[in-house]
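Chemist: Build the 3D model from these lines:
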Amino acid sequence: MDRNKPQWRHLAGWLACACAMGVARAPAQPLAGMSRGADDRPVLEGSWNHGMRLSSPDSAFVFYVGGRTQMDASSYSASAGPDAPPGDGGLNPSLYPAVNFRRARLMAYGTYDDIYDFNCEYDFVNQYNLNSEAYPTDFDTGPLPAPTDLWMQVREIEWLGTVRVGNQKDPFGFEHIGSSRWLNFMERSFAQDAFVGPFNNGFIPGIQVLNSTADGQFAWQFGLFKNTSNPFAFASTGGGALSAARLVWLPVYEDEGRRLIHLGVAGRSTGLAILPTELDPATGQPIGPSVPAVRFRSRGSIRNGPPGPLNSIYADSGLLQGSWQNLIGLEFVANSGPLSFQSEYFGSWLADAVTTDTNPINSGQQPPPGTPVGTVFYQAAYAEVLWFLTGESRTYSLAGTRFDRPIPARNYRPIRRGGGSGAWQVGIRYNYLCLSDGEVNGGVLNGMTLGLNWLLSPNARVYFNYDITDRQFVSYSGGNGDGVIHALGTRMAFDF
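Modeler: A predicted model of the protein is given here:
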């Protein structure tokens with residue numbers, strides 16, 4: 001390639017070449033041709049790699065188109081406390097059976113000149129509420145597209161490694177940075193909802209550095225981000241500077257990750273988003289002053305609706321003003337053939353906390369508005385064990401320091417087509433969240449989830465989850481919402 005030409009000219013030629021070949025050739029067959037065209041532009045070959053992939057013979061130029069669809073069905077039963085009206089401590093919104101799309105994303109990923117990468121992905125089933133940070137109401141809801149991974153990066157920078165800029169996952173939490181395409185259970189733990197990715201789907205705009213030793217035994221990430229309280233990758237108010245870092249050590253890594261021990265520690269320090277302290281009860285619009293504040297809440301392990309404000313909230317601190325929030329995360333993961341273990345612990349400290357009067361009808365107990373309550377400490381943890389009944393092993397990505405796409409030994413096929421069972425996996429998870437500390441008590445959750453996963457192929461799976469959650473909760477108005485919630489859910493998921 002003539003490297004004196006502008007890079008944008010090469011990029012335009014590369015995309016045009018990809019489009020032309022997509023029309024002229026059958027997409028399932030490799031595209032014959034030389035590595036360079038007559039005008040020195042790369043010629044891309046088409047193939048299937050769990051999705052449509054166009055690449056030059058040396059893989060210096062790659063274009064990949066993909067997506068994911070997840071459709072859920074769920075049903076519930078609950079004891080008197082959670083099933084009571086919201087004003088008496090019951091869930092808000094109330095539980096109800098649901099059928100909905102959990103995710104519906106389209107993605108385009110590419111590599112240019114071997115070191116430049118981009119990722120563009122949008123979710124088309126997200127529901128949004130203008131005031132979802134403070135009120136779980138039905139105002140301003142709708143199936144609005146929201147960006148998820150929307151970044152570009154440069155690899156192999158001296159001393160730094162990879163530098164990524166855009167909307168992305170910050171380096172905090174093992175299950176957080178793993179893809180939703182191969183979650184172990186239908187939902188991540190309570191900690192994801194309460195601490196790791198509240199209100200923003202887990203994606204925030206910023207800049208991140210990723211690097212590792214040559215053998216991958218040690219890896220580290222750190223970055224600066226803008227703390228957002230919406231899923232649309234923007235913040236239109238002051239405050240909310242966020243920094244995060246993560247260090248991973250693999251003391252054991254054998255047989256391409258089929259046997260491993262993963263240890264990780266992560267930290268996050270963040271300024272608080274500027275949120276309104278008073279809302280108009282008729283319209284939900286802010287009418288009072290705005291202050292740096294945060295709300296801690298968690299939905300259930302099986303959701304009753306699409307992502308957004310319509311899911312039942314199990315625990316809720318209400319809105320708290322503060323000066324700063326610090327978090328720590330600890331990771332322990334092990335893999336041994338078909339057996340795997342995964343666990344994390346999270347701690348959150350909110351400094352200089354002050355109560356507000358902007359709280360949902362069933363938020364937890366708080367002192368009167370304007371009461372200083374010092375440093376509020378909340379915590380969460382989960383531990384899960386999974387076993388492939390058909391003998392497969394979870395795959396691990398050294399580059400991503402996380403589990404990757406599992407591959408069945410044999411895809412499911414009807415008997416008349418040769419037969420094949422796919423892969424079968426069972427799992428159990430204990431899930432814990434404590435949003436109660438001192439005078440600010442948002443509730444305590446203890447959950448147990450049983451899961452059966454049927455992997456028909458590397459691209460398709462069916463989840464069957466049964467969850468039982470013990471809820472300890474007293475509402476702001478004094479209503480007792482203690483009780484047990486049973487949930488049954490299934491998901492059909494496909495990605496390409």
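
Chemist: now the strands: where do they sit in the stretch 101-250 of the chain?
Modeler: All strands of the stretch 101-250 of the chain, identified by DSSP state E, counting those that start in this stretch, fall at 116-123, 146-157, 161-168, 204-212, 218-226, 241-254.

Chemist: do the same with the stretch 351-496 of the chain
Modeler: For the stretch 351-496 of the chain, the strands defined by DSSP E, counting those that start in this stretch occupy 372-388, 396-397, 402-403, 423-437, 440-457, 460-472, 483-495.

Chemist: So for P145, which of those sits nearest?
Modeler: strand 483-495 (17.9 Å; CB to CB). Where you see a C-beta, it was placed from the backbone N, CA and C, and this is true even at glycine.

Chemist: could you give the angle of the closest one to strand 440-457?
Modeler: If you take axes from the mean of the first three to the mean of the last three CA atoms, to 10 degrees, strand 483-495 sits at 40 degrees to strand 440-457.

Chemist: quick one: low-confidence parts of the stretch 301-450 of the chain?
Modeler: Along the stretch 301-450 of the chain, segments meeting pLDDT under 70 span 309.

Chemist: L44 touches S55, doesn't it?
Modeler: Yes: at 5.9 Å, L44 and S55 qualify as touching, with contact defined as CB atoms under 8 Å.

Chemist: tell me, what's touching the two both at once?
Modeler: F61, F63 (CB atoms under 8 Å, 6 or more residues apart in numbering).

Chemist: between those two, which one's more packed in?
Modeler: L44 (24 against 20; other CB atoms under 10 Å).

Chemist: And for the more buried one, nearest residue in space, chain neighbours not counted?
Modeler: The spatial neighbour of L44 that comes closest, neighbours along the chain excluded (CB to CB, 6 or more residues apart in numbering), is L54 at 4.1 Å.

Chemist: Please identify which helix or strand holds that neighbour.
Modeler: Counting by DSSP states H and E, the element that carries L54 is strand 52-55.

Chemist: Walk me through which strands that strand pairs with, and which way each runs.
Modeler: Here strand 52-55 has these sheet partners by DSSP bridges: strand 45-48 (antiparallel), strand 62-78 (antiparallel).

Chemist: pLDDT of that strand, averaged?
Modeler: Mean per-residue pLDDT for strand 52-55: 91.

Chemist: before we move on, back to that, tabulate the strands paired with strand 52-55 (CSV), appending mean neighbour count.
Modeler: Below are the strands paired with strand 52-55 laid out as CSV (neighbours: other CB atoms under 10 Å):
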stretch, mean neighbour count
strand 45-48, 16
strand 62-78, 19
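
Chemist: how about those strands in CSV, adding mean pLDDT?
Modeler: Listed next are the strands paired with strand 52-55 as CSV, based on pLDDT from 0 to 100:
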stretch, mean pLDDT
strand 45-48, 88
strand 62-78, 96
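
Chemist: Kindly reformat those strands as CSV containing distance to D467.
Modeler: Output for the strands paired with strand 52-55, formatted as CSV (distance: least, CB to CB, whole Å):
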stretch, distance to D467
strand 45-48, 36
strand 62-78, 9
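
Chemist: Leaving out the residues flanking it, which one is nearest to I328?
Modeler: I328's closest residue in space is G347 (CB to CB, 6+ apart), at 5.0 Å.

Chemist: so when I look at that neighbour, I'm seeing a strand, right?
Modeler: Yes: assigned with DSSP: H, G, I helix; E, B strand; the rest coil, G347 falls within a strand.

Chemist: Show me what it is bridged to.
Modeler: Beta-bridge pairing of G347, defined through DSSP bridges, involves I328, Q379.

Chemist: so what's it up against?
Modeler: Counted by CB under 8 Å, 6+ apart, G347 has contacts L327, I328, F377, Y378, Q379.

Chemist: Return the distance of it relative to F195.
Modeler: Taking CB to CB, to the nearest Å as the measure, G347 and F195 are separated by 9 Å.

Chemist: Find residues that contact each of the two.
Modeler: L327, Y378.

Chemist: Can you lay out the strands of the stretch 351-496 of the chain as TSV showing distance to R297 and mean neighbour count?
Modeler: Listed next are the strands of the stretch 351-496 of the chain as TSV, based on distance: least, CB to CB, whole Å; neighbours: other CB atoms under 10 Å:
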stretch	distance to R297	mean neighbour count
strand 372-388	11	18
strand 396-397	31	18
strand 402-403	26	22
strand 423-437	8	20
strand 440-457	7	21
strand 460-472	13	19
strand 483-495	15	19
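
Chemist: Including distance to S59, could the ones you listed go into a markdown table?
Modeler: Listed next are these as a markdown table, based on distance: least, CB to CB, whole Å:
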| stretch | distance to S59 |
| --- | --- |
| strand 372-388 | 31 |
| strand 396-397 | 17 |
| strand 402-403 | 22 |
| strand 423-437 | 28 |
| strand 440-457 | 24 |
| strand 460-472 | 26 |
| strand 483-495 | 22 |
